[in-house]
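Q: Build the 3D model from these lines:
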Amino acid sequence: MKQCIVIIDGMGGGIGVQLIAKLREFIDKESEIIALGTNATATERMVRAGADRGATGENAVRVSASLGDFILGPIGIVITDSMMGEITAGISNAVLSAPGERILLPLQNDHFFLAGLEQLPLARMIDKAIDIFKERQRVRRGGH
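A: Numbering: from 1, shown residues only. This next block holds a predicted model:
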């Protein structure tokens, strides 16, 4: 079943790179991964990691976030001014209003804190995000 998975990341794109690598291990060849970076470095790294295509900047996120059946990235993509100011109101609003399911990694940031969450190593967070993705994918396909 063809599906579109949008990965959004900024700064160096390292989280997006890891998400793409994990997704490529099991998604079918018909599925498309779109990498949306807040800067050119993030986008370039995610495309090199295996995204089918990529675009950079606020307008790219505003236009392309709605294409995703799933949107994955750090929680900062829905918080204006996070990721050292890379997340604009336009980006956070586009991600929050997109029709796809959002799977966000709960990474702490300098100006907000997530109370009550166990702090896990990034690799474990990514594994958990992929597990959630697989489960949501089963649910969408009518499985239990």
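Q: I132 and R48, how far apart?
A: Distance, I132 to R48, using C-beta to C-beta, to the nearest Å: 25 Å. Where C-beta positions appear, they are placed from N, C-alpha and C, glycine not excepted.
Q: swap in A98?
A: Distance from A98 to R48, by C-beta to C-beta: 25 Å.
Q: These two: who's more crowded?
A: A98 (20 against 13; other C-beta atoms under 10 Å).
Q: Touching, the more buried one and D69? I think so.
A: No - in terms of C-beta atoms under 8 Å, A98 does not count as a neighbour of D69; the distance is 10.0 Å.
Q: who touches L72 in this structure?
A: Neighbour list for L72: 5-8, 19, 102-105, 129, 133 [criterion: C-beta atoms under 8 Å, 6 or more residues apart in numbering].
Q: Tabulate the residues you listed (TSV), appending pLDDT and distance to F26.
A: Compiled in TSV, these are given as follows (pLDDT from 0 to 100; distance: C-beta to C-beta, whole Å):
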residue	pLDDT	distance to F26
I5	98	12
V6	98	18
I7	98	15
I8	98	21
L19	97	13
R102	98	20
I103	98	15
L104	96	20
L105	94	18
A129	96	13
F133	96	9
